[in-house]
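Asker: sequence plus predicted model, see below.
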Amino acid sequence: MKVLMLLNKLLAVTIRLKTRGIKLSSPILEALPALHVTVIGVVAAFFSAFAIYAYQKVNDAKEKLDEALKHSMSVSTPNSMMFNGNNVYLNQDGTLNWDNRGKETLRRATMLYSYLDYEEKYGVPRSSFQREPSPEEVISVCNELFSLFTTIFTTYPFWNNNLVHIQGQTDSVNQLCSKEFDTKRIQEMQRIVGYLNWTWSTSNRSLMTLASRGMEFTRQQQLKEQKEMFEKQVVNMPEQMPKSEQERIWKQFHQPHVDRVTDFQGIFVSYFEKLHVVERDVIPLLSSSISSFNTYNETFRVKETTLKVITLIMFNMVFGVLLPLVTLNLLVGVNFKWSNFWFSSFEYFVLFSTMFPYLWACKFLFNKVKKLNFA
């Protein structure tokens, strides 16, 4: 619309100049179309070579980063998980409550049998005033530590993989975990993983004792519960029921519940092994891949540069090629005659119909490049 208004004004000016006897000719307008077409061709050829090379470099770096992320996700996915109805290790916004709840649970877990690490490393015997933790306390801390490990590996800065489904928190966790993996996220992962690995290196004996006692106390607790249930069943059994039948009922219906004990030792060792792999392999791999991608992305800035060049080409095609041709045609045909109407219309039709595909192609390419995940 603006171009048509400009052409109307230009036509009015040329008519006034013609009526005043002023000769209408413009060497600049005559040379502009050929000049711009030549320059656009040279710029397009040069930039195409640059864009292909730069895009290939950035795309290769992006593919390596995606492969590194995929490998890291598979390596760090936990083998065993425990979810509670109300996860105290998640904040309302879906972030990990690490510095408060997380570290406090880890401190409690290492302190219950911390005297074992002191005995092993420093030869300091256990104080007679130090109480032995109760079975209920040990079982509770084991479950809390298991829940903490699960939460760490399924929330930001790690990945969720659709593993967390807690009412009111799932969407927040998924939204955080779907964020772009950047240097800040790696630093947060390193902070948590480094602290956990340090805890394992200094308190592994006390943690393994905690896990062992937790399994032992859990089995004792379940054995007590199943015995009470079985004794109530025996009371209601017929007196003539043989002893062998009672043993069969115990082994079939009660013994499996007694033996179904969470392997806290195996679970804790598995999580700490994953933490070691994350610190040794995953974090360096992600750091290297992200650094390479950011370097190429910031150096070439393929998306930003391409959009600017396409915009410049479209501008010059409209105002450096199309507009001068229309202007020259108006200058020549100021003294309009109806006998030339169809021929003039055909000229404009050919001009605009042949220029439109170029402009459409530039617009199409502009929209495609705009959707790229590059800088």
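Answerer: Sure thing, it's come through. Numbers count the residues shown, from 1 in each chain.
Asker: please count neighbours and contacts with C-alpha atoms only from this point.
Answerer: Fine.
Asker: run through the stretch 101-250 of the chain and note the low-pLDDT ranges.
Answerer: Along the stretch 101-250 of the chain, segments meeting pLDDT under 70 span 117-130, 161-168, 239-240.
Asker: which residues of it fall in helices?
Answerer: With DSSP state H, counting those that start in this stretch, the ranges of helices along the stretch 101-250 of the chain come out as 103-111, 114-122, 135-153, 170-177, 183-236, 243-249.
Asker: give me the residues contacting the fourth one.
Answerer: Residues external to helix 170-177 that are found in contact with it (CA atoms under 8 Å, 6 or more residues apart in numbering): 93-95, 155-160, 162, 164.
Asker: residues contacting stretch 29-45, please?
Answerer: 313, 316-317, 320-322, 324-325, 327-328.
Asker: mind checking the pLDDT average for it?
Answerer: In this model, stretch 29-45 has a mean pLDDT of 84.
Asker: what does stretch 367-375 give?
Answerer: On average, stretch 367-375 scores 80.
Asker: any idea how far that stretch is from the middle of the chain?
Answerer: Taking CA atoms, centre = their mean, to the nearest Å, one finds stretch 367-375 lying 18 Å from the centre of the chain it belongs to.
Asker: before we move on, the earlier item: just put the contacts of stretch 29-45 in CSV and tack on secondary structure, pLDDT and neighbour count.
Answerer: Formatted as CSV, the contacts of stretch 29-45 follow (DSSP: H, G, I helix; E, B strand; the rest coil; pLDDT from 0 to 100; neighbours: other CA atoms under 10 Å):
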residue, secondary structure, pLDDT, neighbour count
313, helix, 90, 21
316, helix, 88, 19
317, helix, 88, 20
320, helix, 86, 20
321, helix, 87, 21
322, helix, 86, 16
324, helix, 85, 20
325, helix, 83, 19
327, helix, 81, 18
328, helix, 79, 16
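Asker: would you mind finding the most buried of the helices of the stretch 101-250 of the chain?
Answerer: Most buried of those, by mean neighbour count (mean count of other CA atoms under 10 Å): helix 135-153, with a mean of 20.
Asker: let's see that helix as CSV, backbone CA atoms only.
Answerer: Taking Å, rounded to 0.1, in the frame of the first residue of the first chain, the C-alpha atoms of helix 135-153 are listed here in CSV:
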residue,chain,number,x,y,z
PRO,A,135,15.1,-48.9,64.7
GLU,A,136,12.3,-46.5,63.8
GLU,A,137,14.8,-43.7,63.4
VAL,A,138,17.1,-45.7,61.2
ILE,A,139,14.2,-47.0,59.0
SER,A,140,12.9,-43.4,58.7
VAL,A,141,16.2,-41.9,57.7
CYS,A,142,16.9,-44.7,55.1
ASN,A,143,13.5,-44.0,53.5
GLU,A,144,14.2,-40.2,53.5
LEU,A,145,17.6,-40.7,52.0
PHE,A,146,16.2,-43.0,49.3
SER,A,147,13.5,-40.3,48.5
LEU,A,148,16.2,-37.6,48.4
PHE,A,149,18.3,-39.5,45.9
THR,A,150,15.2,-40.1,43.7
THR,A,151,14.2,-36.5,43.8
ILE,A,152,17.7,-35.2,42.9
PHE,A,153,18.0,-37.4,39.8
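Asker: so residue 62 is in which element?
Answerer: Per DSSP states H and E, residue 62 falls inside helix 27-76.
Asker: tell me the angle that helix makes with helix 135-153.
Answerer: 160 degrees (axes from the mean of the first three to the mean of the last three CA atoms, to 10 degrees).
Asker: using CSV, write out every CA atom in whichever strand or helix holds residue 329.
Answerer: Remark: residue 329 resides in helix 323-332, with elements defined by DSSP H and E. Taking Å, rounded to 0.1, in the frame of the first residue of the first chain, the C-alpha atoms of helix 323-332 are listed here in CSV:
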residue,chain,number,x,y,z
LEU,A,323,10.9,1.0,-7.9
PRO,A,324,13.4,2.5,-10.3
LEU,A,325,12.0,0.4,-13.2
VAL,A,326,8.5,1.6,-12.4
THR,A,327,9.6,5.2,-12.1
LEU,A,328,11.5,5.1,-15.5
ASN,A,329,8.4,3.6,-17.1
LEU,A,330,6.3,6.4,-15.6
LEU,A,331,8.7,9.0,-16.9
VAL,A,332,8.6,7.7,-20.4
